[in-house]
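Asks: Here is the input, now give the coordinates:
(chains A and B)
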Amino acid sequence: MGEAAGELARPPAARRVLAVASRLGRVGLGVVFLAAGLLKAFDPAEFAHQMSGYGLVGPGIAAVAAPLLIAFETTLGAALLVGFSTRATSAVAAGLLVAFIGLEAWGLAKGRTESCGCFGAYVQRTPGQVIAEDLLFVVLAALSFRGTRPRPRDPSSPPLRPSRAAVSVIAVAALSLAFALASPSLPIDALVTGLSVGRSLSGLGIEGKVPAEGRHLVALLDLADPGAPAVAERLNALAGRAGAPAILVLTPSSEEEKAAFLWSAVPAFEIRTVDRTVLKRLYRRLPRFFVVDGGRVVSILDGAPPGPEDLISLGAS
Amino acid sequence: MRTRRLLPQPRRLALAALLAAVGFAVALPARADAIRCRPMWDFSIEVDGSYPKEALFYQSDSRGKYFIDIPACKSGLLLDLFAKKIVAVPRTLVSRVDGGLQVNDGASTGATAYAYSLDGGIIQFQAEDKKVRVVPALQRPPLTGQVSFDDLLADRAEYREGMKLYRPDADAVAVIGKFAKPIEIEAFFATWCPHCKEYMPKFLRVMQDAKNPRIKLTLVGVPKGFSETPGPWKEHNVTGIPTIIVMIDGKEINRMGAGPGPGPEMELAETLKALR
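Replies: Residues are numbered from 1 along each chain as shown, chains lettered A, B, ... in the order given. Predicted structure coming up:
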């Protein structure tokens, strides 16, 4: 009653400002959640990796939870944008943000310095930046919540039917979940990763790791992957073929994994370790292959290791 | 005085040709089995629990073959991954060439061989009377606490060799070298950390080249799990490694090394330029 009286006492101009601020807060927060969900959906495996990096859930649970959380965030963003149950969605968004802040603060206290993965694998920020950003989003959520008052329902009005907004939100939920699940198999690596034909080694962040002179087949490979020995076998065969370019493997694997791989796979090619944060910009799934000539990417070969004929023909072109 | 001809001219020529052919045939396999080896600093050699500075691991140009040089052993040791054994190579068959070695393993047939076992990335075997392990450099027991520049380089070949390879920007080094105020630098790093293995040799090379007597450098090795272990890293709120804390007049002016960026000399020079 007191609050309602206060609302009535507020001058119309102040009410208008609050209404505009509230709408801006709601739309802004909606865009943030929608963007966060969609960016993560491009690489759900990486999001799962980042989730398990906090140590609260194992890789198995993270792999299942990642697409669900992505769909949830996207749906929440869409609901805020279309103004569906604004108070409830604002409250849920604020709760989620507070949980994220708590998680980041806990990670920071534990000495965690890695990026949170809040906006996918390709936006890197420190935990401190993430906390500041999330606090700002909480303010947006509060504005969105504050500016919307529940309207009492007229008992004489016809029974509730699903609104257009509700249908849109359900559709977004279904589509975002489907996209998050299908995304790893979609041929969107060229759009999502930083690896593209014509880019220089410095642009890729791997200058000094791949020689700028001559032609090289570069393989991005996780040496601990169970499929890595089979890839090595094909690359070994390739290395022995006349006309094939020099082969170089870049790996985010640890030195221990590299050593174990050296002794077991007996590679006929050189392996160089690259910081995972640098290498991650170049792939969604491993292995990935590309050809570098004179310090620039001239060809990208996704999928299985290229056959000798493919490479030799590339060398001739 | 006339010399007596032992053989007529054609026979002498035939004999010379025969001797040359035999010599060539003897020399050919040795030449074909000679492998070139270059030091591989990613691995350390542990001998009876310690890491002798002179014991080195070499990568060869022959696939699956690595050479282990332990001065305390009578023979060199050739690791053959395909044959799954380590063969003793007499030192007379090993020669130094271009900063590496040439190993003639053609004559090693019938030589003493040792079996080895694998434990993850570690190779272990018994050669002569010594227990030997080939350990990835980052897996060695870490150096923790304060360590001097010289002791660090004496202990860690990967840092020593990484320094030799780095070419810092001369202008930036000159700025650091000529800085007039006293600078205190505390460098927190870990010998088990791959990023430190890349960064620290560059930073140490810059310190060496700058030759600024007003720089007081303190090197502190941090243990694994340092965020939960008491030590000077806690007092300085070090959350990532390497962290290079630059202080002037006891006041912290910059932290370097924790993220990607320009070479250490560039970052430090920019910091010092801003103070002028």
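Asks: Grab the CA positions of stretch A:33-49 and hand them over as CSV.
Replies: Written as CSV, here are the backbone C-alpha positions of stretch A:33-49 (Å, rounded to 0.1, in the frame of the first residue of the first chain):
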residue,chain,number,x,y,z
PHE,A,33,21.8,-13.7,-22.5
LEU,A,34,20.9,-14.4,-26.1
ALA,A,35,24.4,-13.5,-27.2
ALA,A,36,26.0,-15.6,-24.4
GLY,A,37,23.9,-18.6,-25.3
LEU,A,38,24.4,-18.4,-29.0
LEU,A,39,28.2,-17.8,-28.8
LYS,A,40,28.5,-20.8,-26.6
ALA,A,41,26.3,-22.9,-28.9
PHE,A,42,29.0,-22.6,-31.6
ASP,A,43,31.3,-24.7,-29.5
PRO,A,44,29.5,-26.6,-26.7
ALA,A,45,32.4,-29.0,-26.2
GLU,A,46,34.6,-26.0,-25.1
PHE,A,47,31.9,-24.8,-22.8
ALA,A,48,31.8,-28.2,-21.2
HIS,A,49,35.6,-28.2,-20.9
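Asks: Please, where are all the helices along the stretch 1-150 of chain B?
Replies: Counting by DSSP state H, counting those that start in this stretch, the stretch 1-150 of chain B has helices at residues B:9-32, B:149-155.
Asks: Buried residues in the shortest one, which are they?
Replies: By that I understand helix B:149-155. B:152-153, B:155 (16 or more other Cβ atoms under 10 Å in any protein chain shown). Placement of C-beta: from N, CA and C, glycine included.
Asks: And the strands in the stretch 201-317 of chain A?
Replies: Along the stretch 201-317 of chain A, the segments classed as strands by DSSP state E, counting those that start in this stretch run A:215-220, A:246-251, A:270-273, A:288-293, A:296-301.
Asks: Figure out which of these is closest to chain B.
Replies: strand A:270-273 (6.2 Å; Cβ to the nearest Cβ).
Asks: What strands line up against that closest one, and which way round?
Replies: strand A:246-251 (parallel) (DSSP bridges).
Asks: what's in contact with the strand it pairs with?
Replies: With Cβ atoms under 8 Å, 6 or more residues apart in numbering or on different chains as the test, strand A:246-251 has contacts from A:206, A:209-211, A:214-223, A:235, A:238-239, A:257-258, A:267-274, A:279.
Asks: can you give me the mean pLDDT across the helix or strand where residue A:133 lies?
Replies: Assigned by DSSP states H and E, residue A:133 belongs to helix A:127-146. Mean pLDDT, helix A:127-146: 86.
Asks: And stretch B:205-219, by the same measure?
Replies: Mean predicted lDDT for stretch B:205-219 stands at 96.
Asks: who in the stretch 1-150 of chain B is up against chain A?
Replies: With Cβ under 8 Å from any Cβ of the partner chain as the criterion, the stretch 1-150 of chain B meets chain A at residues B:42-43, B:63-64, B:81-82, B:118, B:120-123, B:136-139.
Asks: Mind doing that once more with 10 Å?
Replies: B:40, B:42-43, B:59, B:63-66, B:79, B:81-82, B:84, B:116, B:118-123, B:134-139 (Cβ under 10 Å from any Cβ of the partner chain).
Asks: and those, which of them are in strands?
Replies: If you go by DSSP state E, these have B:43, B:59, B:65-66, B:79, B:116, B:118-119, B:122-123, B:134-136 in strands.
Asks: ok so, going back, pick out the shakiest of the helices of the stretch 1-150 of chain B, pLDDT-wise.
Replies: Confidence, taken as mean pLDDT, is least for helix B:9-32 of the helices of the stretch 1-150 of chain B (a mean of 56).
Asks: Low-confidence stretches in the stretch 51-200 of chain B?
Replies: B:106-109 (pLDDT under 70).
Asks: For the residue in it that chain A sits nearest to, give me its contacts.
Replies: The nearest approach of the stretch 51-200 of chain B to chain A comes at residue B:121, 2.7 Å away (Cβ to the nearest Cβ). Residues counted as contacts of residue B:121 (Cβ atoms under 10 Å, 6 or more residues apart in numbering or on different chains) are A:254-264, B:43, B:134-136, B:138-139.
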